[in-house]
Structure formats: structure tokens, C-alpha cells
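*Asks:* sequence-free structure coming up:
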């Protein structure tokens, strides 16, 4: 999970292979779509993306399912495949000179007229335990991007450094919002 060297493609492939048969590290699968479970930090972040435009909504929805929000926030995702239900993946990012590698699985994908997105859950090779959802939503005449999550530290280092872990989560969520705002701005003439 934590390393002084950048993970190689073979390292990431190994993480995905070893985590593919593992169970999610929490029992409340899919709870970001409804009632959030007790005993976790609950987060909901939102970015106003302006007036609804069907073409922009479709392009942003496709970008979201292509991991563009994560990549725009500085997170690398492996394998380089679109989001799909059941996909096991690894991601990594650099934090204060240390590389953090984690594994997750796509729990559900949303593809509705007014809502696009997905949620992923944590696997054993993840410092946290819980679920995070990313959705592009039409609300009236506007478009919103929402990040909804419940989590708690799982790895001993994450528990020991809980205030730092929490700060990293909050900063990452802000980076996701900035990435979606940037993607939206790039669509404007």
C-alpha cells in the first residue's frame, strides 16, 4: 500500500490479480445509493457545473466513466479500461514522497437520463474501508457533480494517522471537484 518507489505496471497488474477474488472490506455494498451506514465518516461534496446541456452532460458522463475525474485529480488507474460493474482496479498517487497504492471494485454504475456515474468499494489492499460514488446529476435546469462517500481507516498506519488520513481524503475530494469543473470548462466554446 505504501512504498518509496512508484508502482510499475507489473506491480499494478499483480495487485489487481491478487485482489480480484477478494471480498469488499465492508458489508454495506451499494449504500452510497441510499442510506449511509453508521460507524463511518460520511461525506458529500458537490460542484455546480452550470446550466444543463445534453451534449455536455453526455460527454462529461463518458469522461466520468473513463476515470477522467480521478486522473484529473492526480490519481493513476489500472487497468486502463472504462468503468463497468464488477471491475477490480488499482490506483496510485504520490503523497509527501510516498506512493500510495490501493485496490477497489466497481460496485454499481448509474446510467439514467438525469444521472450518470458509479461507485467503488474498497478491497483488502486499500488503507480505508468503505465506498465512494461519483455522479453527474441534472437538477432542474442545472448540472451538478456529486461525490458521496462513507469510510473509516482500516490499515494500521491509516488508523494511527487518522487525522492525516482524513485530511488526505478531504483534499482528494476537492481535487475531484476541481477536475470535473476543469472538464466542464474545456467543453465551453
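*Replies:* Arrived safely. On a predicted model such as this, the values are computed, not experimentally measured, just so you know.

*Asks:* quick one: the spatially most central residue of the chain and residue 30, what's the gap?
*Replies:* Note on the chain: the residue nearest the mean C-alpha position is residue 132, at 5.6 Å, using C-alpha atoms, centre = their mean. Using C-beta to C-beta, to the nearest Å, residue 132 is found at 12 Å from residue 30. The way it works is simple: take the backbone N, C-alpha and C, and place the C-beta from them, glycine included.

*Asks:* Check residue 120 too.
*Replies:* 11 Å.

*Asks:* The two: which has the busier surroundings?
*Replies:* Neighbour count, other C-beta atoms under 10 Å: between residue 120 and residue 30, residue 120 has more, with 26 against 12.

*Asks:* Just the buried residues of the longest helix that the chain contains, please?
*Replies:* Across the chain, the longest stretch assigned as helix under DSSP state H is helix 162-187. Neighbour counts over helix 162-187 (16 or more other C-beta atoms under 10 Å) mark 165-166, 168-169, 172-173, 175-177, 179-181, 183-184 as buried.

*Asks:* Among those, show me the least confident.
*Replies:* Checked by pLDDT, the buried residues of helix 162-187 have residue 166 as the lowest-scoring entry (64).

*Asks:* out of the buried residues of helix 162-187, who's nearest residue 34?
*Replies:* residue 173 (20.1 Å; C-beta to C-beta).

*Asks:* did I read that right, residue 13 in a helix?
*Replies:* Yes. Counting by DSSP: H, G, I helix; E, B strand; the rest coil, residue 13 falls inside a helix.

*Asks:* Mind listing the residues bridging to the residue nearest to it when sequence neighbours are not counted?
*Replies:* Spatial nearest neighbour of residue 13, excluding adjacent residues (C-beta to C-beta, 6 or more residues apart in numbering): residue 78 at 7.1 Å. Note on residue 78: beta-bridge partners by DSSP bridges are residue 90.
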